[in-house]
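> Fold the following and give me the result.
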Amino acid sequence: MGKSLLLSATTEQSPICVHCIGIGKAGVDMVDHMIRRGEIEDLLEDPRARFTSLAVDIGDKELYKPKAAGKGLIQRLEERNIPVDRVQTRTFGIKIPEKEDLHASLRRYREYLKVEYPPGYWNPNFEPWITEDDEMPKEGDHISRKMAKAIYGDAYYNGSMKGELESFANSVKSCKFPSMVYVFFGVGGGTGSGIVVDLARQLSNFFLGRLIPVAGFGVLPCTGDPKCHNGPNLFVTLSELDCMVDSTKNAGIVGIWGEPQRNPWTGGLFLIPQEQAYERLGHYTDIGSFGGNACVSRREDTKLISANRWIDEAVTNFVAADYGRTFFRSVRAGILGGTPSLRTPCDDRSWYIMAPFKEISPGVSVVKNQGSAGFREEVKKWLERIPDYIGLKPGFKTDYIDAHNFMPRDIYNDEIHEKTKEVLASMLLDDPESSMALSYDSDHDETTCWTMLIIPGVARQELACFFPSRDQYDELDWEDRFNLHSWLLEQGVMLCEPSIRYPGTAGECIWGCACHVAIPFSRLRGDDEIPVSRKVIWSKYLSTTHPVATP
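The predicted structure follows:
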């Protein structure tokens, strides 16, 4: 029998070729780590396999890492006599244009959109969302989401970014194995979150044709990140992405602005919390006042860099494990529903948490003269804190959790297994249909213990950062709010503001005309009551003639 992507009862599951795009610093770093995965290299021994990566940033300051990793991959393939034409690793540094050139490009945006989607509305009131009053950033500056969108749009419609996406997609589609595409970005910054809402929809809807699953991985900021990453921008970014993955909200936007706005995340959208990794390092790297403030500042910077790197390593390790099959098996039922065309809508509960959780490693723990028993006690202590560090509000409950423990064989035993089950059970709804899947893999490092959690059915309002970020957003003046938006600005829509012409709906028109989105403003704000579980949502679809939306 042949190999199957979906693993039927009569076939062996095929390897999955994973391809990746990284946007902004957080995304670029993920791509760097993905290129270095040994699983990628090993799979390329099969002539049917391919690996494709693209790292995108404004400027090229951060791109040296994936460039170097790509050269290293080519060298290793040559040493193993594996044809290097099975690999495409590219980087694209978007140049910051002159203000006059950017304005000239933006003034033609309606023409670009009309060519891209002829049925689209030609708005006679169109004006560029970047004005003469907006200062152009310099490379290395923090870039607002509004500005990042404009710079990316110029590179896409008036430069060579479109060619890069076409080349990426062609490479992916030439793979003879089933494929998945991973898109990595930072949720808190301006570049990654500002660009991803356009890049993802263009990639999925125009270049890949929605036949190859595209999964998004948004890295949440931690307390060590700059304040500009932990502020009101989170509310806007999360709200825009939520209007993509929520089938009902997305239908309200597609109904007005057309198919180019259809949810691009056909493989699901995952949020990656970093707080536990950052806090875990803090327990080992705390130095008090020794060395003065300068030394403390350097140590904090080192702690953040180390936490970022560990998160990158854990995530890429997991999604590439067993040639992509481990991740696919974890999310298959919840995301793809059997096949990519039969996804069950989850509406408000369409988010996934992917939480790497470090218990022990040489960088964070020293357990002296206690042997395996001492390691186990340290592991159990940190397992108990899982609910505190998954980026969700206290008391969060869900209907399903998938957990993978990665630990040395002489550490993992029934005691650790039962402790993990106990902690996870405390996060499950009191429902006989609530369940968990718990698996174990031996980690290659004999002094490292960590856990990967996949939590489906998460609502945006249950994120610990959501309401604090919304409160900060409400305190801003109109212009500052405007700077935080990205998706739909080319349509004149400021998504997180109430419509002026249509009371009760969302999407203020920045040109003063009748633009809006067909979504109740209270629901976009997160004020409406959310269903207790996905089961409640599914029962609504099963008990009515409500059409089931495809991803």
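
> Just to be sure, residue 182 is in a helix?
No: checked against DSSP: H, G, I helix; E, B strand; the rest coil, residue 182 lies outside a helix; its state is strand.

> Would you quantify the distance from the residue lying closest to it once chain neighbours are set aside to residue 90?
Spatial nearest neighbour of residue 182, chain neighbours left out: residue 20 (4.5 Å); criterion: CB to CB, 6 or more residues apart in numbering. Just so you know, the C-beta spots here come from the backbone N, C-alpha and C atoms, and that holds for glycine as well. Residue 20 sits 11 Å away from residue 90, going by CB to CB, to the nearest Å.

> How about residue 312?
19 Å.

> Also residue 169?
12 Å.

> so is residue 122 in a helix, a strand, or just coil?
coil.

> ok so, going back, ok, now which ones touch the residue nearest to residue 182?
30-31, 34, 52-54, 181-184 (CB atoms under 8 Å, 6 or more residues apart in numbering).

> Read off the pLDDT value for it.
You'll see residue 20 listed with a pLDDT of 98.

> That one: what secondary structure?
Applying three-state DSSP: residue 20 is strand.

> which residues does it form a beta bridge with?
Per DSSP bridges, the residues bridged to residue 20 are residue 53, residue 182.

> Likewise for residue 88?
Beta-bridge partners of residue 88, as defined by DSSP bridges: residue 52.

> Going forward, count from 115.
Okay, using 115 as the starting number, the last item reads as residue 202.

> Quick check, it in contact with residue 164.
Yes: using CB atoms under 8 Å, residue 202 makes contact with residue 164 at a distance of 7.5 Å.

> hey, what's in contact with both of these two?
By the contact definition CB under 8 Å, 6+ apart, residue 202 and residue 164 are jointly contacted by residue 285.

> In terms of neighbours, single out the busier of the two.
A direct count of neighbours by other CB atoms under 10 Å for residue 202 and residue 164 places residue 164 higher, at 22 against 19.

> out of everything not next to it in sequence, what's closest to that one?
Using CB to CB, 6+ apart and skipping residues adjacent in sequence, the residue nearest residue 164 is residue 289, 4.0 Å away.

> again, but for residue 460
The nearest residue in space to residue 460 (CB to CB, 6+ apart) is residue 648, at 5.2 Å.

> Show me where the stretch 265-414 of the chain has its strands.
Under the criterion DSSP state E, counting those that start in this stretch, the stretch 265-414 of the chain contains strands at 293-300, 328-333, 383-386.

> Include mean pLDDT, distance to residue 437 and mean neighbour count when you put those strands into CSV, please.
Compiled in CSV, the strands of the stretch 265-414 of the chain are given as follows (pLDDT from 0 to 100; distance: least, CB to CB, whole Å; neighbours: other CB atoms under 10 Å):
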stretch, mean pLDDT, distance to residue 437, mean neighbour count
strand 293-300, 97, 11, 27
strand 328-333, 97, 16, 26
strand 383-386, 97, 19, 24
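
> where does the stretch 515-664 of the chain have low pLDDT?
Applying pLDDT under 70 to the stretch 515-664 of the chain flags residues 557-559, 657-664.

> can you give me the helices for it?
For the stretch 515-664 of the chain, applying DSSP state H, counting those that start in this stretch gives helices covering 528-539, 580-588, 592-597, 635-639, 648-657.

> can I get these in JSON lines with mean neighbour count and distance to residue 312?
Formatted as JSON lines, the entries for those read as follows, by neighbours: other CB atoms under 10 Å; distance: least, CB to CB, whole Å:
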{"stretch": "helix 528-539", "mean neighbour count": "15", "distance to residue 312": "37"}
{"stretch": "helix 580-588", "mean neighbour count": "17", "distance to residue 312": "22"}
{"stretch": "helix 592-597", "mean neighbour count": "15", "distance to residue 312": "17"}
{"stretch": "helix 635-639", "mean neighbour count": "19", "distance to residue 312": "20"}
{"stretch": "helix 648-657", "mean neighbour count": "15", "distance to residue 312": "28"}
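
> What residues does the residue lying closest to residue 354 once chain neighbours are set aside make contact with?
Once flanking residues are discounted, residue 354 sits nearest to residue 601: 4.3 Å by CB to CB, 6+ apart. For residue 601, the contact set (CB under 8 Å, 6+ apart) comprises 311-312, 354, 357-358, 609.

> Just among those, which is most surrounded?
Highest neighbour count within these, by other CB under 10 Å: residue 357, with 27 neighbours.

> thinking again about what came up before, quick one, which of the strands of the stretch 265-414 of the chain is nearest to residue 561?
Nearest of the strands of the stretch 265-414 of the chain to residue 561, taken as CB to CB: strand 383-386 at 24.0 Å.

> Direction included, what does that closest one pair against?
Applying DSSP bridges, one finds strand 383-386 paired with strand 328-333 (parallel), strand 465-474 (parallel).

> next helix or strand past the longest one?
It stands for strand 465-474. helix 485-497 (DSSP states H and E).

> Tell me the helices and strands packed up against that following helix.
Applying 3 or more CB pairs under 8 Å, 6 or more residues apart in numbering; DSSP states H and E, one finds that helix 485-497 contacts strand 465-474, helix 528-539, strand 563-572.

> how many degrees apart are it and strand 465-474 in direction?
Relative orientation of helix 485-497 versus strand 465-474 (axes from the mean of the first three to the mean of the last three CA atoms, to 10 degrees): 150 degrees.

> List the buried residues in helix 485-497.
Buried residues in helix 485-497, counted by 16 or more other CB atoms under 10 Å: 489-490, 492-494, 496-497.

> Which two among those are spaced furthest apart?
489 and 497 (12.4 Å).

> Do a quick rundown of the helices in the stretch 315-464 of the chain.
Applying DSSP H, counting those that start in this stretch to the stretch 315-464 of the chain gives helices spanning 347-359, 361-371, 389-399, 406-434, 439-445.

> ranking the ones you listed by burial, who's on top?
Of those, the one with the most neighbours on average (mean count of other CB atoms under 10 Å) is helix 347-359, at a mean of 24.
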